[in-house]
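Q: fold the following for me, if possible:
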Amino acid sequence: MTPDEARRLIIEGINRAAYHETDSLHDADKNRLFGSKHYKSGRLIVRPGPWAEGDFEEKMSTLLRWANILNRSVPAFKEAQTLLEDENSVIGHVIRRSKRPEWLSCGHGDGLLKLAICRVLTVPTCRAA
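A: Now for the predicted structure:
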């Protein structure tokens, strides 16, 4: 599998997860993940998609976690991530972030203490709370 084939496979998996959640990724989101202008669907975009705002890499890593569940029986999906995981690129960062537990990215406390703090305070940015 080439790096570009791996990118396409991962992006399609993320796109599928995004579609299940709200809406497909826009071409701009896919191109940001790919690292160059690769996607051009011709779809008319009136406003930015729900995935473009805020912490893009964190949103994509959440979608990648879901995509991993949807593709758990597809060995090539895991192989694609292994191939790109060490890249210093948006998709490389997304892959690495997707391997961390979700509650580590909320920014409160540390380790199990972080989880306890977020649950007690019901921190809105923490999905574990």
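Q: which residue ranges of the protein form helices?
A: 3-21, 27-34, 56-70, 75-84, 90-98, 111-121 (DSSP state H).
Q: residue 98 against residue 64, yeah?
A: Yes: judged on C-beta atoms under 8 Å, residue 98 makes contact with residue 64 at a distance of 4.1 Å. C-beta: built from backbone N, CA, C; applies to glycine.
Q: OK, contacts around residue 1?
A: Residue 1 is in contact with 9, 76, 79-80, 83, counting by C-beta atoms under 8 Å, 6 or more residues apart in numbering.
Q: let's see 7 Å
A: Shown in contact with residue 1 (C-beta atoms under 7 Å, 6 or more residues apart in numbering): 76, 79-80, 83.
Q: how near is it to residue 68?
A: To residue 68, residue 1 is 17 Å away according to C-beta to C-beta, to the nearest Å.
Q: try residue 80
A: 11 Å.
Q: more neighbours: which of the two?
A: Each of residue 80 and residue 68 has its neighbours counted (other C-beta atoms under 10 Å); residue 80 has more, 24 against 19.
Q: the residue lying closest to residue 96 once chain neighbours are set aside: neighbouring residues, count only.
A: Distances taken as C-beta to C-beta, 6 or more residues apart in numbering put residue 85 closest to residue 96, at 6.3 Å, once the chain neighbours are dropped. When neighbours are counted by other C-beta under 10 Å, residue 85 registers 16.
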